[in-house]
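In: kindly return the folded structure for what I paste below:
(2 chains)
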Protein chains: 2
Amino acid sequence: MKATGIVVEYNPFHNGHLHHLQQTRIKTNSDIIIAVMSGNFLQRGEPALVDKWTRSKMAVAAGVDLVIELPYAFATAQASDFAKGAIFLLDALKCHSFCFGSEEGSLEAFQETYNLLLTKKDEYNTAIASYMKKGISYPKALNEAYNEISEATTVRLVDLSKPNNILGYHYIQAANHLNSDIKPETIQRVVANYHDDALKTETIASATGIRKLLFEGQKLSEVNAFMPSTSLLGLTEWESNNKSFGSWEQFYPALRLLIIRSSREELGQIAEVTEGMENAIWKAAKTHTNFQSFMQQIKSKRFTWTRIQRMLTHIYTDFTWNQLREIDFPTYIRPLAMNKNGQAYLQSIKKDLQLPLVSRVAASKKDTQLQLDIKAADLYYLGLQSSYGESMVGSDFRIAPIIE
Amino acid sequence: MKATGIVVEYNPFHNGHLHHLQQTRIKTNSDIIIAVMSGNFLQRGEPALVDKWTRSKMAVAAGVDLVIELPYAFATAQASDFAKGAIFLLDALKCHSFCFGSEEGSLEAFQETYNLLLTKKDEYNTAIASYMKKGISYPKALNEAYNEISEATTVRLVDLSKPNNILGYHYIQAANHLNSDIKPETIQRVVANYHDDALKTETIASATGIRKLLFEGQKLSEVNAFMPSTSLLGLTEWESNNKSFGSWEQFYPALRLLIIRSSREELGQIAEVTEGMENAIWKAAKTHTNFQSFMQQIKSKRFTWTRIQRMLTHIYTDFTWNQLREIDFPTYIRPLAMNKNGQAYLQSIKKDLQLPLVSRVAASKKDTQLQLDIKAADLYYLGLQSSYGESMVGSDFRIAPIIE
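Out: Numbers count the residues shown, from 1 in each chain, chains lettered A, B, ... in the order given. Alright, predicted model coming up:
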């Protein structure tokens, strides 16, 4: 059986994801699609709209054969580590290829870009450092440096100001670093812009746009045009259990408690917290009673909103610089959900796996990365501040991989 | 002006407290009554029913001239340290005497008891250690040892199985250790038993009994017989702001989040957490969704309920063994509320004070004990999980000592 991997968050699964899933199957002519998916916290440093169980069920219902959890330490990391963890897992799962959505759409452009940055590595890094000194954010410095060194190039290069292109570049880089035979593919995204708001006349909207509508208080019936019925079903089930969707605004009282309980020194030891952000965060928590005003207070030119949210995610889970430094590659393969085909595939590769296959977490509970996943999941449920959330604490121990 | 000190929690202020206050004034013939009062967390290791501002206002309204905050590190400590901090502050405030309520009622019995235990110190400690080895709680071991060494004594001794007698003993001990001229007095408590439930036909009920009625959902009108109208007014005002009263049951979701976020190693570094209780606490939090069932799970013969609650209080505020070891005596005098007489008294002793007088916390915010008081207060407000609580974070910086 030929398997292709995709890297997803599905927050929530929508028609754009469905398009990517179907096109991936066609383009790679694969029997099996394996999705490596974030758990309850995401790469933008946010709690997920709905938990990993609900999202992995929606994925399988929409056609993914096998969903594997991307461990917390990678799922909430900057793009390069996020990509490194995901591609490593897809390779470990014997995928012959992986296929990512991008604004770019041409794999050749990604490869040219990768080659250019490899050749001009020193020049690139010098330029990044000099832009950083001007006090702008890391992604902006990357982009300026990239524009500088690519000026004289005539081949088609990727526009690295686009979020999915950036991720794509890191996937390519991760695959190259792995020294593996896994073959990259890309499909152009249908939505032109990642941050687009959802438009009611369309059937494709970004997950960001859909979340925005939901947080503005729109009913599920107002967003159902943007997603397959399987997703609507999943979200409806979640809503009947939990009433609300996960968001920082909802988690803020708990986050605020954790910040105020910490000393500034302790906050400075949390992963990604740097350059005095511990003071800004601590002070803002003392006076701001909602997340939006708290963020307005601490936002800075130096850090992207996403980077700051990742700091907050790590404060929320008590994930420290010391723990981050210990992380290298994922240490296990943890299936969350699968269909019969995914199950058969997993069975077929089981004996050749180089990593432990975790279907019962109790058996692997000494694994540091897995402990972190379990803790992050539990803290997510408590952040929901609902009796459903309270009842879901410890569910990693109770829920076996879902087989649809 | 002649001042007498009392040590109080007023959780809430009731007719028994009023009796003690009035009798103290008569017995000591004092112009000024100074109450050293716990902040938002109490000696039984519990969040207070209502905050320190409300409780100190109720105290002054009922006749106390000056309310001073007992710093968190002493207010939530075992009896000997609680007493040490409180008596030290009353002495620092130039009180010529202090007067405590006790089941015993005779000061002579306290002094005989103190002398006996001083004389038989080694014998007493050996007996305590041998009882502890049998796996009973420290207070039980103290009591058994005490019974053993007092067997042959003919003078009247204090019954140290009674909670107010125990505190009284520690006040006497603290005063003796201080080597100060402060004179102890005691008044027999009107309520026979500290743990008595409130009876509707009486006008005196213990604070425990009153809290129990309130937590059972009784209206304030059902407990007003047990307290002066000034207290009813204070509690009514609190209820109109905050809807509910502080309790562990209410704080449990936040406590649970903090426990699950911590590693067992971190819990073991929290003050008073010892002998594997970090494991019991961590495990119980994973599965128990309410405070009562959580406590049922972790209670042990080795520790009193109160001692375990103190562990939880310190987990809630992140107060560690290392911090506890640094604590010696209170480092400041912080008035919370006063009447004109109290204000005049404070004015008259101001120049002779050996400790800084803190009326604006901003000016003393580098003091470790004060930082802890501010943090504990803020975390109390967040534990209330209400918009009133959220708005009260940082109130230590905004509220000046209340002058009635």
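In: contact partners for the residue in the stretch 51-200 of chain A that chain B sits nearest to?
Out: Closest to chain B within the stretch 51-200 of chain A is A:Tyr72: 13.2 Å, counting by C-beta to the nearest C-beta. For every residue, glycine as well, the C-beta is placed using N, CA and C. By C-beta atoms under 8 Å, 6 or more residues apart in numbering or on different chains, the contact set of A:Tyr72 is A:39, A:41, A:317, A:319, A:369, A:372-373, A:376.
In: now do 6 Å
Out: Contacts for A:Tyr72 were tallied using C-beta atoms under 6 Å, 6 or more residues apart in numbering or on different chains; they are A:39, A:372-373, A:376.
In: next, give me the two most distant ones among these.
Out: Farthest pair in the contacts of A:Tyr72 (C-beta to C-beta) is A:Gly39 and A:Leu372. Separation: 9.6 Å.
In: which one's more surrounded, those two?
Out: A:Gly39 (27 against 20; other C-beta atoms under 10 Å in any protein chain shown).
In: confirm for me that that one is in contact with A:Lys52.
Out: Yes - shown here, A:Gly39 and A:Lys52 form a contact pair, counting by C-beta atoms under 6 Å, at 4.7 Å.
In: what's the closest non-adjacent residue to the residue most central in space within chain A?
Out: Central residue of chain A (C-alpha atoms, centre = their mean): A:Gln43, 3.7 Å from the mean position. Closest residue to A:Gln43 apart from its sequence neighbours, by C-beta to C-beta, 6 or more residues apart in numbering or on different chains: A:Phe82 at 5.2 Å.
In: number of nearby residues for the one you found?
Out: 24.
In: before we move on, what about A:Thr119?
Out: Neighbour tally, A:Thr119, other C-beta under 10 Å: 11.
In: same question for the one 10 residues further on.
Out: Summarising burial for A:Ala129: neighbours were counted as other C-beta under 10 Å, giving 11.
In: what's in contact with the one helix or strand A:Gln323 maps to?
Out: Using DSSP states H and E, A:Gln323 maps to helix A:321-326. Here helix A:321-326 makes contact (C-beta under 6 Å, 6+ apart) with A:269, A:271.
In: do you have the strands of the stretch 151-300 of chain A handy? List them.
Out: Along the stretch 151-300 of chain A, the stretches classed as strands by DSSP state E, counting those that start in this stretch are A:183-188.
In: would you mind naming what in it lies close to chain B?
Out: Within the stretch 151-300 of chain A, the positions adjacent to chain B are A:254, A:257, A:260-261, A:286, A:289 by C-beta under 6 Å from any C-beta of the partner chain.
In: got any ranges where the stretch 201-350 of chain A has weak pLDDT?
Out: Applying pLDDT under 70 to the stretch 201-350 of chain A flags residues A:201.
In: and after the strand or helix carrying A:Ile26, which helix or strand comes next?
Out: Using DSSP H and E, A:Ile26 sits within helix A:15-28. Tracing the chain C-terminally past helix A:15-28 and defining elements by DSSP H and E, one meets strand A:32-38 next.
In: about what we covered before: just to check, the residue nearest to A:Gln43 is in contact with A:Gly45?
Out: No - using C-beta under 6 Å, A:Phe82 is not in contact with A:Gly45; the gap is 11.3 Å.
In: and the residue lying closest to A:Asn29 once chain neighbours are set aside, how many neighbours does it have?
Out: Distances taken as C-beta to C-beta, 6+ apart place A:Lys2 nearest to A:Asn29, at 7.1 Å, with adjacent residues excluded. By other C-beta under 10 Å, the residues close to A:Lys2 number 13.
In: got the contact list for A:Lys2?
Out: Residues in contact with A:Lys2 (C-beta under 6 Å, 6+ apart) are A:30-31, A:96.
In: repeat that for A:Asp352.
Out: Contact analysis of A:Asp352 by C-beta under 6 Å, 6+ apart lists nothing.
In: how close does it sit to chain B?
Out: In this view, A:Asp352 and chain B are 35 Å apart by C-beta to the nearest C-beta, to the nearest Å.
In: then A:Ile32?
Out: 35 Å.
In: ok, the nearest residue to that residue once chain neighbours are set aside - how many residues close by?
Out: Once flanking residues are discounted, A:Ile32 sits nearest to A:Ala3: 3.9 Å by C-beta to C-beta, 6+ apart. By other C-beta under 10 Å, 25 other residues sit near A:Ala3.
In: what of A:Asn147?
Out: Counted with other C-beta under 10 Å, residues neighbouring A:Asn147 total 14.
In: tell me which element it falls in.
Out: Per DSSP H and E, the secondary structure element for A:Asn147 is helix A:138-150.
In: export that helix as CSV, just CAs?
Out: Taking Å, rounded to 0.1, in the frame of the first residue of the first chain, the C-alpha atoms of helix A:138-150 are listed here in CSV:
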residue,chain,number,x,y,z
TYR,A,138,12.0,37.5,13.3
PRO,A,139,9.6,36.6,10.4
LYS,A,140,9.8,40.2,9.1
ALA,A,141,13.6,40.1,9.2
LEU,A,142,13.6,36.7,7.4
ASN,A,143,11.5,38.2,4.7
GLU,A,144,13.6,41.3,4.3
ALA,A,145,16.8,39.2,4.2
TYR,A,146,15.2,36.9,1.7
ASN,A,147,14.2,39.7,-0.6
GLU,A,148,17.7,41.1,-0.4
ILE,A,149,19.5,37.9,-1.4
SER,A,150,16.9,36.8,-4.0
